[in-house]
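>>> Sequence and computational prediction follow.
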Amino acid sequence: MPTVSLYIALVRRPHGVPTADDFALREEALAPLRPGEALVQNLYISVDPYMRGRMRDVPSHMGPFPLNEVITGSTVGRVVESNNDSLPIDAVVTSFSGWRDTFVTDGSDVDVIESNGTPLPAHLGILGMPGFTGWYGLHEIGAPQAGETVLVSAAAGAVGSVVTQLARRRGCRVVGVVGSDQKARYITDDLGADAALNYRSEPDMTAAVRRACPDGVDVYFDNTGGVILEAALANANLAARMPICGMISTYNAEGGAPGPANLTQIIGSRVTVRGFLIRDHGDRRPEFLAEVAPLVRDGSLHRRETIVEGLEQAPEAFMGLFTGQNIGKMVVSVPWDDA
């Protein structure tokens, strides 16, 4: 059994875009296992945009990260030592243990999963929180009907890639907004989007959305906020629906970011704009998995992860989310030496 656990701590609160100096690699001693405990080695850890909000010392739905403590988040790991019959060695578990290589559990804070041949990183992406978020927001709030137009921001990301595919399966015309020509090809060639807009090369997003959505926007799934939300509102059809799960374009703004200048469009077009947190809807997760997991296993839904190797690279992977370094889910792998 190892004697220490390595982890990444937040050591100062970022101002603007996070930097490497905001994080530090730390270690803590591991005590010998007691009866009922097991040692878990994290194999993959998640970095997610929402974590930026928890790096501020302000009230939030999950509270700020404490300084000098492990940054918590979703992980997939395996049991490597055990004094707990319900957690046999080599069992695969998900947890919220965060940016660390190992941890001790009594079983109350982990869930044993069956991979059924699905690659383990998928449980942090398309079968994890991002996939569940995309499924719920589209199904319950967007409620798209066949023939409608669905606009998706960050369409090549962990949430947007799921929304794009599920909307196509519902018979919708799907337009995705991305940040590179490579991502534009990915969402059209691999995910089935009908059209893609690279916001970095569009001087006028409102005009670009109007060009790509000549019949207007019925559903806009928002991951970014900012000018793309403004463009969606400008092109919204009567009774359009807008699930809002993220606004990454504003997360590093100091002192707040300006909202869209055309919010009155919500009134005239009778738009439903609804923010949501997937943590409020855990009771729907079995329904999500029942629908989506078989589609992942048989290849009907495509998945992709951008995998960065090494626990010490977690801050770099996290910062890469804000410059568009990922296609699909950004994941950090934690190599493990069985010796």
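Done, it's in. On a predicted model such as this, the values are computed, not experimentally measured, just so you know. Numbering: from 1, shown residues only.

>>> how about stretch 271-285: buried residues?
Within stretch 271-285, the residues scored as buried using 16 or more other Cβ atoms under 10 Å are 271, 273, 278, 281. C-beta here means a position set from N, CA and C on the backbone, and glycine is covered the same way.

>>> actually stretch 123-132, sorry about that
123-132.

>>> Among the buried residues of stretch 271-285, which are located in strands?
Val273 (DSSP state E).

>>> Looking at the buried residues of stretch 271-285, spot the one nearest Thr102.
Closest approach to Thr102 among those (Cβ to Cβ): Ile278, at 27.4 Å.

>>> how close does that closest one get to Phe132?
5 Å (Cβ to Cβ, to the nearest Å).

>>> Next: Val76.
Distance from Val76 to Phe132, by Cβ to Cβ: 15 Å.

>>> just Leu124 next, same as before
11 Å.

>>> Tabulate the buried residues of stretch 123-132 in a markdown table, adding columns for distance to Tyr7.
Shown next, in a markdown table, are those (distance: Cβ to Cβ, whole Å):
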| residue | distance to Tyr7 |
| --- | --- |
| His123 | 21 |
| Leu124 | 18 |
| Gly125 | 22 |
| Ile126 | 27 |
| Leu127 | 25 |
| Gly128 | 21 |
| Met129 | 21 |
| Pro130 | 23 |
| Gly131 | 26 |
| Phe132 | 26 |
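
>>> Could I get those in JSON lines, plus columns for pLDDT and secondary structure?
Converted to JSON lines, the buried residues of stretch 123-132 look like this (pLDDT from 0 to 100; DSSP: H, G, I helix; E, B strand; the rest coil):
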{"residue": "His123", "pLDDT": "97", "secondary structure": "helix"}
{"residue": "Leu124", "pLDDT": "98", "secondary structure": "helix"}
{"residue": "Gly125", "pLDDT": "98", "secondary structure": "coil"}
{"residue": "Ile126", "pLDDT": "98", "secondary structure": "coil"}
{"residue": "Leu127", "pLDDT": "97", "secondary structure": "coil"}
{"residue": "Gly128", "pLDDT": "97", "secondary structure": "coil"}
{"residue": "Met129", "pLDDT": "97", "secondary structure": "helix"}
{"residue": "Pro130", "pLDDT": "98", "secondary structure": "helix"}
{"residue": "Gly131", "pLDDT": "98", "secondary structure": "helix"}
{"residue": "Phe132", "pLDDT": "98", "secondary structure": "helix"}
